[in-house]
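*Asks:* just the structure for this:
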Amino acid sequence: MRWVWAGAVLVAAWVASTQPARAGCPNVCDLTVSAAPTIDPAIPCLTALPNAATCNCGVILVVTNHCPDVVNATDFQFTSCGAPGAAPTDYQCPSLQPGQQGEEVLAIPSSSGIGAKSWTLHVQEGGAVSAITVDANVTSFGAGCACGIAPAPAAAYGSTLSLAAAGALAAVILGARRRRRPRRLRERHA
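*Replies:* Sure thing, here's the model as predicted:
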């Protein structure tokens, strides 16, 4: 019986380590985003960079305020905001303070179909309103995503560690059972 349990643990660990994790990927897609959004009229002290999100289809727009003034979102709120390169410190941010970075998630529902997508968001800096326009192109939904295979080293080693942990657990279980058997036999024959 112990070999059955050990085998089941090892098979489950192997299957989990070889299959891309789709949990948390409710809307998988393939898409490309434009190299840089347009800001019209231009705000030289504001940067906007789009990132493709293929696991939950959409574009993550990262806006960094290098301006001496507050930048206000006039027709949206940033999904999150905080210091550049740090964890978000606030959510649903209506403005970005000088030196702050905000992220806006631009979702693409599968019901919108494949093809070109465009968003225009308005921000105000120094009394002037500018439009940030982001363009993307969706080539497919539900196929071709590597969303469960993260390039980060920790994620890449995660499945190997899971398999190693399952193997160690099986060895401990088998070792513990093996040590108990001789005692039980001795007790029965005594």
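*Asks:* okay, now the unreliable bits of the protein?
*Replies:* Residues of the chain that meet the criterion pLDDT under 70 lie in 1-24, 143-190.
*Asks:* contact partners of the lengthiest strand in the chain?
*Replies:* The longest strand of the chain (DSSP state E) is strand 128-141. Residues outside strand 128-141 that contact it (C-beta atoms under 8 Å, 6 or more residues apart in numbering) are 27-34, 37-43, 46, 48, 50, 52, 57, 59, 61, 63, 74, 106, 108, 110, 112-124. For the C-beta atoms, the positions are set from N, CA and C on the backbone; glycine is no exception.
*Asks:* again, but for stretch 88-97
*Replies:* Stretch 88-97 is touched from outside by 63-65, 70-73, 77-83, 102-103, with contacts defined as C-beta under 8 Å, 6+ apart.
*Asks:* about what we covered before: drop anything exposed from the contacts of strand 128-141.
*Replies:* 27-31, 33, 37, 39, 43, 46, 48, 50, 52, 57, 59, 61, 63, 106, 108, 117, 119, 121, 123-124 (16 or more other C-beta atoms under 10 Å).
*Asks:* so which of those belong to helices?
*Replies:* Judged by DSSP state H, helices contain none of those.
*Asks:* filter those down to just the ones in strands.
*Replies:* In strands, judged by DSSP E, the following of the buried ones among the contacts of strand 128-141 are found: 29-31, 33, 39, 46, 48, 50, 52, 59, 61, 63, 106, 117, 119, 121, 123-124.
*Asks:* give me the domain ranges for the chain.
*Replies:* The record's domain split for the chain, according to automatic domain parsing, is 2-20+149-189, 29-141.
*Asks:* among the contacts of stretch 88-97, which ones are buried?
*Replies:* Neighbour-count burial (16+ other C-beta under 10 Å) applied to the contacts of stretch 88-97 gives 63, 64, 65, 71, 73, 78, 79, 80, 81, 82, 102, 103.
*Asks:* correct me if wrong: the second one contacts residue 101.
*Replies:* Yes. With contacts defined as C-beta atoms under 8 Å, residue 64 counts as touching residue 101 at a distance of 4.6 Å.
*Asks:* identify the contacts common to those two.
*Replies:* residue 84.
*Asks:* give the full set of residues in contact with the closest residue to residue 84 other than its chain neighbours.
*Replies:* With sequence-adjacent residues excluded and distances taken as C-beta to C-beta, 6 or more residues apart in numbering, residue 84 is closest to residue 101, at 4.3 Å. Neighbouring residues of residue 101 by C-beta under 8 Å, 6+ apart: 62, 63, 64, 65, 81, 82, 83, 84, 85.
*Asks:* ok, now how distant is the third one from residue 50?
*Replies:* The spacing between residue 64 and residue 50, counted by C-beta to C-beta, to the nearest Å, is 13 Å.
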